[in-house]
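Enquirer: the sequence and its predicted three-dimensional model are supplied below.
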Amino acid sequence: MIIENIEKIYSTSTEKVIGITNFSYSFEKGKFYAIMGHSGSGKSTLIRILGLMDNATSGKYVINGKDVSKLSDKELSNIRMENIGFIFQDYYLDQNLKAYENVMLPMLINKKIDRSDRKNKAIDLLNNIGLGDRVNHYPKELSGGEQQRVCITRALANNPDYLLGDEPTGNLDEENEIKVLETLKNLSLNGKCVIVVSHSNEVKNYADEVLFIKNGKLVVENEGN
Amino acid sequence: MKATDYLFILKNRFLKKDNVLLILIISFIFVAIFSCITMINFVSVFRSSMLSSDMGRTLIIDKPKSDDDLIKIKELKNVEVIESNKYLMGVEIYVPEFNKPKAEGMIELLPLLKENDVKIIKGSKIQNAGDIICPKNLYPHSLYTGNIYNYETNYFGSYLLKANNLIGSSITAENENEKIALKIVGTFENKILNGAAACYISKTDFNKFKEDIEYCSNDECYEYSSLMLRVDDYNNLVVLEKELKDLGYNSIRNYTFDEEILSSLSYIPLFVGSIVMIISMLIIYSFFKKKIRNNQYQYGVLKSVGYTNFNIKIIAILEGGFITTISILWSVVLYFISYHIVANNYLQELSYNNFTVPVPYAYIALFVFVVFIYIFLIINYLSSKSLNACIQKLFEGE
Ligand SMILES: Nc1ncnc2c1ncn2[C@@H]1O[C@H](COP(=O)(O)OP(=O)(O)O)[C@@H](O)[C@H]1O
Ligand SMILES: [Mg+2]
């Protein structure tokens, strides 16, 4: 993922608000990035743009060698499906579906996964993340940490290269936070690009690179521990 | 995505509590609307059936002042029957062979004034003296005792006689004037607004049961003198009335409608129906608005994992379509149940007169179609709106 001079300006009826501005960076596979900054500094804006959930006002964004600025909704959706997984602070699991069914959701639109393989694949992924005994549970029967790991598994369903998390540990206690961060770290060691917004200092222990944002601008980047 | 994939996502949502509640609310509202449509339709069908029946096309005028006038009247166009007023109303007779519980053997005899007044469906037409033809569904019972409606008679349908099976049999007709043997020679299709107990005999036979005397007062008796004129089509009634007036005769319609009562009969359900309709549209709108707002996070997640806006809209529309379809099916069932309860318990007099309150299938279908379009449009609109908002929602945490 390479972004060059990205700017996002929100136009409300009364004023124009800068989301991020003059932002350039290159995110590589196999690395764990932490994004830090005060509330309102533009972290979510950056994640939305990286995740193709919103488009930048100006600037260039290339993912896997493809410039995304001129793609249709369908093409963008396809890139999200194949290359990007999202992890949310509030998990947003479908309460009406079991854990494994939640993991299957992204597979339903992936033609590369056989209809008959979906369920086993979802169960395998849940096994890998340590939820093998929770596959048939509904989200409300799971703890916060377990739900977050289901959420991560869902993000991994189509085996994307990039994992984007907006405060994925924001609702977790320390023990679960560490579990989730370790999981994410392992994924980056296995070749994925993991980009995580966080307030907590814990994340610095795992990140390869830490980016600080202030008022929409990238102010510091430094090596993690 | 295939249909089964959409079902996979929706399967556990269809029968969630809020959907079931909505289905119940919508179906009761729809039953109310269907009933209003039925009533509006009923009033107009009732009016035109009354008018097009034999009686509805009949005018009554005073005795012609001269033979010359009578000839002129007979020459008027569109008149299909001119007879003495004596033949306007039938006579009630008792037939002992028909006497059974709940059907006590009373039938009404009418003179057959014109051969094609009835359509013979089995047997033959009236040929000889003593021949009688009856409606194929014959209910030999008077709903009235004197002028009072007999509310006891609640088992109408099950006591009908199938007159087709009676062809060839003889009956005895008794009233205070006569006791005559009649032979059932044929049956005809029940006529709207003829009682289900009304059979026809020839005019000559009819004269045996009904005297020429219309009424007596102060020891003086008067014969029937006025005339009944039946026009071929009720649209020609007004013309005939005018022509008679030009000849110097005021005519009286046999059926007069209080048009004000009739129109209020259809305006009230129209008014109630419109209000119910508007309220229901608002309820449906606000419910789906709430529903789609609740689903926003889910739509956002689906978008984030690569579902297109189109995929997500289909999901929203399928869920709404399911709710609507079940509501409509359920309301149709409720409607027919209530229709039958009402028809069997409160509309006896109408069905005795061979008039059924019609189910306005076409209007109901039209309404259902409009509802589907409406719900499709609001879901389309609301889900477009939520597809823009859902992304922000997903990243609001903090
Ligand atoms: N949809 C929006 N409309 C207008 N302003 C927005 C919108 N989303 C974000 N902003 C503004 O952009 C800035 C960055 O927001 P955000 O990316 O959410 O920051 P963070 O996630 O770091 O708290 C803030 O000033 C915020 O108010
Ligand atoms: Mg944020």
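Expert: Thanks, I have it. Ligands and ions are numbered 1, 2, ... in the order given.

Enquirer: mind listing the helices for chain B?
Expert: Ranges of helices within chain B are B:3-10, B:17-52, B:67-75, B:203-209, B:237-246, B:259-294, B:296-304, B:309-346, B:348-352, B:361-394, based on DSSP state H.

Enquirer: and of those helices, who's closest to residue B:124?
Expert: Ranking these by their distance to residue B:124 (criterion: C-beta to C-beta) puts helix B:203-209 first, at 15.6 Å. In short, each C-beta sits where N, CA and C put it, glycine included.

Enquirer: list the buried residues in the closest one.
Expert: B:205-206, B:208-209 (16 or more other C-beta atoms under 10 Å in any protein chain shown).

Enquirer: for the helices of chain B, which has the smallest mean pLDDT value?
Expert: With a mean of 78, helix B:348-352 has the lowest mean pLDDT of the helices of chain B.

Enquirer: with just CA atoms, put it into CSV.
Expert: In CSV, the C-alpha atoms belonging to helix B:348-352 read as follows (Å, rounded to 0.1, in the frame of the first residue of the first chain):
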residue,chain,number,x,y,z
GLN,B,348,-78.4,-13.9,5.3
GLU,B,349,-81.0,-11.6,3.9
LEU,B,350,-78.7,-10.7,1.0
SER,B,351,-77.8,-14.2,0.2
TYR,B,352,-81.5,-15.2,0.4
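
Enquirer: identify the residues contacting the most centrally placed residue in chain B.
Expert: Nearest residue to the geometric centre of chain B (C-alpha atoms, centre = their mean): residue B:357, 2.2 Å. The contact partners of residue B:357, taken as C-beta atoms under 8 Å, 6 or more residues apart in numbering or on different chains, are B:38, B:42, B:339, B:343, B:347, B:350.

Enquirer: in this structure the last one contacts residue B:356, no?
Expert: In this case it means residue B:350. Yes: using C-beta atoms under 8 Å, residue B:350 makes contact with residue B:356 at a distance of 7.1 Å.

Enquirer: most tightly packed of the helices of chain B?
Expert: Of all these, helix B:296-304 has the most neighbours on average by mean count of other C-beta atoms under 10 Å in any protein chain shown, namely a mean of 24.

Enquirer: number of nearby residues for residue A:56?
Expert: For residue A:56, the tally of surrounding residues (other C-beta atoms under 10 Å in any protein chain shown) stands at 23.

Enquirer: tally up the residues packed near residue B:191, please.
Expert: A count of neighbours around residue B:191, defined by other C-beta under 10 Å, yields 20.

Enquirer: show me the contacts for the closest residue in space to it that isn't next to it in sequence.
Expert: Of all residues not flanking residue B:191 in the chain, residue B:354 sits nearest, at 6.2 Å (C-beta to C-beta, 6 or more residues apart in numbering or on different chains). Counting by C-beta under 8 Å, 6+ apart, residue B:354 makes contact with B:135, B:137, B:190-196.

Enquirer: can I have the buried ones of those residues as a PyMOL selection?
Expert: The following PyMOL command selects only the buried members of the contacts of residue B:354, with burial defined by 16+ other C-beta under 10 Å:
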select buried, chain B and resi 135+137+190+191+192+193+194+195+196
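
Enquirer: narrow the contacts of residue B:354 to those in strands?
Expert: B:135, B:137 (DSSP state E).

Enquirer: okay, residue B:145: pLDDT?
Expert: Note for residue B:145: predicted pLDDT of 65.

Enquirer: if we can go back for a sec, which one of the contacts of residue B:357 sits closest to chain A?
Expert: Comparing these against chain A with C-beta to the nearest C-beta places residue B:339 closest, at 36.9 Å.

Enquirer: chain neighbours aside, what residue packs nearest to that closest one?
Expert: According to C-beta to C-beta, 6+ apart, the nearest residue to residue B:339 is residue B:359 (6.6 Å).

Enquirer: now swap in residue B:245 and tell me
Expert: Residue B:245 sits nearest to residue B:251 (C-beta to C-beta, 6+ apart), 7.6 Å away.

Enquirer: quick one: contacts for that neighbour?
Expert: So residue B:251 contacts B:59-61, B:229, B:240-241, B:244-245 (C-beta under 8 Å, 6+ apart).

Enquirer: what is the nearest of those to chain A?
Expert: residue B:241 (69.4 Å).

Enquirer: run through the bridge partners of the spatially closest residue to that closest one that is not a sequence neighbour.
Expert: Spatial nearest neighbour of residue B:241, chain neighbours left out: residue B:251 (5.3 Å); criterion: C-beta to C-beta, 6+ apart. Counting by DSSP bridges, residue B:251 is bridged to residue B:61.

Enquirer: kindly report the same for residue B:231.
Expert: The partner residues for residue B:231, given DSSP bridges, come to residue B:79.

Enquirer: if I look at it, how far off is residue B:59?
Expert: 7 Å (C-beta to C-beta, to the nearest Å).

Enquirer: residues shared between the contacts of these two?
Expert: Common neighbours of residue B:231 and residue B:59, using C-beta under 8 Å, 6+ apart, are B:237, B:240.

Enquirer: contact partners for residue B:223?
Expert: The contact partners of residue B:223, taken as C-beta under 8 Å, 6+ apart, are B:212-214.

Enquirer: closest one of those residues to ligand 1?
Expert: The closest of the contacts of residue B:223 to ligand 1 turns out to be residue B:214 (C-beta to the nearest ligand atom; 90.2 Å).

Enquirer: burial of that closest one, as a residue count?
Expert: There are 14 residues near residue B:214, going by other C-beta under 10 Å.

Enquirer: show me which pair in the contacts of residue B:354 is furthest apart.
Expert: B:137 and B:193 (14.5 Å).

Enquirer: circling back to that earlier point, between the contacts of residue B:357, which sits nearest ligand 1?
Expert: residue B:38 (50.9 Å).

Enquirer: now do that closest one against ligand 2, distance only.
Expert: 57 Å (C-beta to the ion, to the nearest Å).

Enquirer: correct me, but that residue touches residue B:360?
Expert: Yes: taking C-beta under 8 Å as the definition, residue B:38 is a contact partner of residue B:360 at 5.9 Å.
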